[in-house]
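Q: Show me the folded form of this:
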Amino acid sequence: MDFTSRSVHLMGTTISISILHHQADLLLDKVVHLLFLYEKRFSANDDASELMKINHQAGKNWVQVHPELFELIELGKKHSLARKSHLNITIGPLVQTWRIGFPDAKIPSTEEIKHCLSLIDPTSIKLDAASSSVFLAEKGMKIDLGAVAKGYIADKVIEFVRNEGVTSALINLGGNVLTLGGNQVSKRSWRIGIQHPKLRRGHNVAILPIVNQSVVTSGIYERTLEKQGQSYHHILDSKTGYPVETDVASLTIVSNRSVDGEIWTTRLFGETQTSILEQVEKEEEIEALGITKDDQLFYTSGLKPELLF
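A: Numbering: from 1, shown residues only. Below you'll find the predicted structure:
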């Protein structure tokens, strides 16, 4: 038996999933349905999504939400408030003003940046666990789950196919990879390539052997805005309002849960190479691999990448 694969364009990226199962097509239909459901729940770019109902009621009313959306906002708030964290799920106004990655992307004025920064405050997310309700304390606030949602969704999809009896699968949500088991066709671990930040897609700097784990990569090369001879990447700094200034071009996190990979790539992007390594070495069940702007590779002690350069 070989893998059956399906691809769908959702959440601003191409999502592909490969599974080994005797009723693979039927299962993949259900997975695609799940993906559409999650996009409708978590999207900050769909005005009718469940998340946007919260944003529309900012400064006005509490909104009762699906328990999964509540769980993800609660998790996002926790990591937004963590010490030295570059993750901030209230960054929505800034993301929607820059619009990097969209046709209407622009460099905001100083006044626009200042206004956006005044609305970025994770302590202003009020949560009521008993009723799964959320309230944004300031009018104009916007939650953006772009830094955590894909990982959460990948975890949910893998949990679904595992419960359906699948023992070997791979899901790729636009560079966010999660595996179930090993590759049962090749009879070895999955081999996940780490993209060279300066070369065309498919040119890898290293290969990671992965079983039952997630590989999440974030980089300043992914989406950019070119204006007046300058390049602006999409990873925004919630303290300055501008793209993060960093010597790191690409950061990969290997973790058991994909949502943890997403959280930590965002939490750490903006830290120095030394700080990234120090922080990750203290955490259980995550590893990191980074590439600097001058093509230097660094990684934590638990990784054994196959280097290609």
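Q: Pairing partners for the worst-scoring helix or strand of the chain on mean pLDDT, with directions?
A: Here the helix or strand of the chain ranked lowest by mean pLDDT, DSSP states H and E is strand 224-227, holding a mean of 81. Paired strands of strand 224-227, with direction, are strand 230-233 (antiparallel) (DSSP bridges).
Q: C-terminal to the partner strand, what's the next element?
A: Following strand 230-233 in sequence order, the next helix or strand is strand 248-255 (DSSP states H and E).
Q: can I assume Leu37 sits in a strand?
A: No: under DSSP: H, G, I helix; E, B strand; the rest coil, Leu37 sits outside any strand and is assigned helix.
Q: Neighbours of it, how many?
A: Counted with other CB atoms under 10 Å, residues neighbouring Leu37 total 14. C-beta: built from backbone N, CA, C; applies to glycine.
Q: Asp46 too?
A: Residues near Asp46, counting by other CB under 10 Å: 14.
Q: Please save the CA atoms from the least confident helix or strand of the chain in PDB.
A: Extracted in PDB, the C-alpha atoms of strand 224-227 (Å, rounded to 0.1, in the frame of the first residue of the first chain):
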ATOM      1  CA  THR A 224       8.300  40.600   2.100                       C
ATOM      2  CA  LEU A 225       7.300  44.000   0.900                       C
ATOM      3  CA  GLU A 226       9.700  45.800  -1.500                       C
ATOM      4  CA  LYS A 227       9.400  49.600  -1.400                       C
END
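Q: buried set for that strand?
A: Thr224, Leu225 (16 or more other CB atoms under 10 Å).
Q: Stretch 282-292 too?
A: Ile286, Glu287, Ala288, Leu289, Gly290, Ile291, Thr292.
Q: doesn't the second one fall inside a strand?
A: Yes: going by three-state DSSP, the assignment for Glu287 places it inside a strand.
Q: so where does the residue nearest to Glu283 when sequence neighbours are not counted fall, helix or strand?
A: Leaving aside its chain neighbours, Glu283 sits nearest to Trp264 (7.6 Å; criterion: CB to CB, 6 or more residues apart in numbering). Using DSSP H and E, Trp264 sits in helix 258-268.
Q: contacting residues for the closest residue to Leu117 other than its chain neighbours?
A: Sequence neighbours aside, Gly241 is the residue nearest to Leu117 in space, at 5.2 Å (criterion: CB to CB, 6+ apart). The contact partners of Gly241, taken as CB atoms under 8 Å, 6 or more residues apart in numbering, are Leu94, Pro108, Ile113, Lys114, Cys116, Leu117.
Q: distance of the third one from Leu20?
A: Per CB to CB, to the nearest Å, Ile113 is found 49 Å from Leu20.
Q: Check the second one too.
A: Between Pro108 and Leu20 the computed distance is 48 Å (CB to CB).
Q: for the fifth one, same thing?
A: The gap separating Cys116 from Leu20 is 46 Å, by CB to CB.
Q: Repeat that for the first one.
A: When distance is defined by CB to CB, Leu94 is 42 Å away from Leu20.
Q: Give me the more crowded residue out of the two.
A: A count of neighbours by other CB under 10 Å puts Leu94 above the other of Leu94 and Leu20, at 25 against 20.
Q: Surely that one forms part of a strand?
A: No: counting by three-state DSSP, Leu94 is not found in a strand; it is helix.
Q: State the helix or strand in which the residue nearest to it when sequence neighbours are not counted lies.
A: By the measure of CB to CB, 6+ apart, the closest residue to Leu94 outside its immediate chain neighbours is Cys116, 4.4 Å from it. Applying DSSP H and E as the criterion places Cys116 in helix 110-118.
Q: buried residues in the following helix or strand past that helix?
A: Note on helix 110-118: by DSSP H and E, the next helix or strand toward the C-terminus is strand 125-128. Buried residues in strand 125-128, counting neighbours by 16+ other CB under 10 Å, are found at Ile125.
Q: what pLDDT, on average, does strand 125-128 get?
A: Strand 125-128 shows a mean pLDDT of 98.
Q: In terms of secondary structure, what does the helix or strand following that strand contact?
A: Where DSSP H and E defines the elements, the next helix or strand beyond strand 125-128 is strand 133-136. With contacts taken as 3 or more CB pairs under 8 Å, 6 or more residues apart in numbering; DSSP states H and E, strand 133-136 sits against helix 50-56, strand 63-64, helix 67-80, strand 125-128.
Q: what is the rounded mean pLDDT of strand 133-136?
A: 98.
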